[in-house]
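**Q** output the structure for:
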Amino acid sequence: MSPPRPNRARREARNQSPPTRGKPPTAISEPSTSSRVVVASVRRAWGTEGAIAVSQFSDDLARFSPGEVVYLHDGRAAKVIESHRAGSATILHLDLLRNTRNADALRGTIIEMERDDLPEAPDGAYYHYEIVGAKVRTTGGEELGEVLEIIVTGANDVYVVGDSGATDSKGQILIPAISDVVLEVDVNNSVVTVDLPEGLR
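**A** Predicted coordinates for the structure are as follows:
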């Protein structure tokens, strides 16, 4: 398998991920239903006609093609009217948002899609939901725990790895999702192989 690009959430992948430069890390929220996945978080209103600027957990703008249906944090379905990139953000025009007030009310919330509506991923890219919960081991066979969540930063995703049964963050490792560190993502067996540099833990 060619070196993965784990900072892409499948075509995305890959809860992701066009980074939001200059923003603090954002943890990927849980989807509202088991059939949906989180594909973006709303940064702010954009312009005066109800558009929103989002951090997309993917570098595939086609996911937000006109006509695609997404779901807002309150469960409402919205149809994409138009989308384009503006720097590190993706700008979405949704049919439910008519003005800046509507758009700004979504600040900080998530956008979901039905899992079955996600486009097929190319080789070497993975959806975030395929990585969360995966076992993480080093090239030497040491078990580090599992991917508990994915944090979106200004440069690349970061995998929070640890014991899922732990009650605090003690012992968790933050692993940057870059090709020199994350060597392989085996989606079928839910295993991520990493080469941890000195000082990472």
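
**Q** hey, let's count contacts and neighbours off CA atoms from now on
**A** Will do.

**Q** show me the helices in this structure, by range?
**A** For the chain, the helices defined by DSSP state H occupy 100-104, 128-131.

**Q** export those helices to TSV and tack on distance to residue 186 and mean neighbour count?
**A** Listed next are the helices of the chain as TSV, based on distance: least, C-alpha to C-alpha, whole Å; neighbours: other C-alpha atoms under 10 Å:
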stretch	distance to residue 186	mean neighbour count
helix 100-104	38	18
helix 128-131	9	24
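
**Q** nearest to residue 38, of the ones you listed?
**A** With C-alpha to C-alpha, the closest approach to residue 38 among those belongs to helix 128-131: 8.2 Å.

**Q** please list all residues in contact with residue 42.
**A** Residue 42 is in contact with 52, 53, 54, 55, 106, 107, 108, 109, 110, 111, counting by C-alpha atoms under 8 Å, 6 or more residues apart in numbering.

**Q** what is the burial count for the last one?
**A** In this case it means residue 111. Neighbours of residue 111 under the rule other C-alpha atoms under 10 Å: 26.

**Q** surely it touches residue 41?
**A** Yes. Using C-alpha atoms under 8 Å, residue 111 is in contact with residue 41, at 5.9 Å.

**Q** distance-wise, check residue 114 relative to residue 72.
**A** Going from residue 114 to residue 72 by C-alpha to C-alpha, to the nearest Å gives 12 Å.

**Q** residue 53 now?
**A** In this view, residue 53 and residue 72 are 14 Å apart by C-alpha to C-alpha.

**Q** residue 181 now?
**A** Residue 181 is 34 Å from residue 72, by C-alpha to C-alpha.

**Q** the two: who's more crowded?
**A** residue 72 (18 against 15).

**Q** mind giving me JSON lines with the helices of the chain and columns for distance to residue 148?
**A** Below are those laid out as JSON lines (distance: least, C-alpha to C-alpha, whole Å):
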{"stretch": "helix 100-104", "distance to residue 148": "30"}
{"stretch": "helix 128-131", "distance to residue 148": "9"}
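
**Q** the residue lying farthest from the centre of the chain: what's it in contact with?
**A** Taking C-alpha atoms, centre = their mean, the residue of the chain most remote from its mean C-alpha position is residue 140, at 28.2 Å. By C-alpha under 8 Å, 6+ apart, no residues touch residue 140.
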